[in-house]
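# Below: sequence and its predicted model.
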Amino acid sequence: MEDQKNNPLHGITLELLLKHLVDTFGWEYLADQVNINCFKINPSIKSSLTFLRKTPWARAKVEQLYVNWAKHNRN
């Protein structure tokens, strides 16, 4: 098994990642960064998770936002 200690997504569920981004940046910022309706129109964690799990390109963008944030906020 590949060593995951340098992978910022290791051990982070999509739900936890999304909640963290929403708490840190808010829905408006996410909608600006990833142009999808579930971030713009009546956003919720549940609807966003459903969409992101079915849409690989959107999930990749959201994961990249988290990776970029994590890179700049290491303790």
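Sure thing, it's come through. Residues are numbered from 1 along each chain as shown.
# The spatially most central residue of the chain: helix or strand, and which one exactly?
With distances taken as Cα atoms, centre = their mean, the residue of the chain nearest its centroid is residue 62 (3.7 Å). Secondary-structure element containing residue 62, defined by DSSP states H and E: helix 56-72.
# Next: residue 11.
Applying DSSP H and E, one finds residue 11 in no helix or strand.
# what's the neighbour count on it?
Residue 11: 8 surrounding residues under other Cβ atoms under 10 Å. Using the backbone N, CA and C atoms, a C-beta is placed for each residue, glycine as well.
# mind checking pLDDT for it?
Per-residue pLDDT puts residue 11 at 80.
# One more: residue 5?
pLDDT recorded at residue 5 is 65.
# low pLDDT regions in the chain?
Residue ranges of the chain with pLDDT under 70: 1-5, 74-75.
# residue boundaries of the helices in it?
14-25, 27-33, 37-40, 45-54, 56-72 (DSSP state H).
# gap between the shortest one and the chain center?
By that I understand helix 37-40. 13 Å (Cα atoms, centre = their mean, to the nearest Å).
# packing partners for that helix?
helix 27-33, helix 45-54 (3 or more Cβ pairs under 8 Å, 6 or more residues apart in numbering; DSSP states H and E).
# tell me, how many neighbours does the closest residue in space to residue 12 that isn't next to it in sequence end up with?
Excluding the flanking residues, the one nearest residue 12 by Cβ to Cβ, 6 or more residues apart in numbering is residue 66, at 7.4 Å. By other Cβ under 10 Å, 19 other residues sit near residue 66.
# distance of residue 66 from residue 31?
For residue 66, the distance to residue 31 (Cβ to Cβ, to the nearest Å) stands at 16 Å.
# now swap in residue 24 and tell me
Taking Cβ to Cβ, one finds residue 24 at 14 Å from residue 31.
# okay, these two: which has more neighbours?
The residue with more neighbours, out of residue 24 and residue 31, is residue 31; 16 against 13, by other Cβ under 10 Å.
# Thanks a lot, see you next time.
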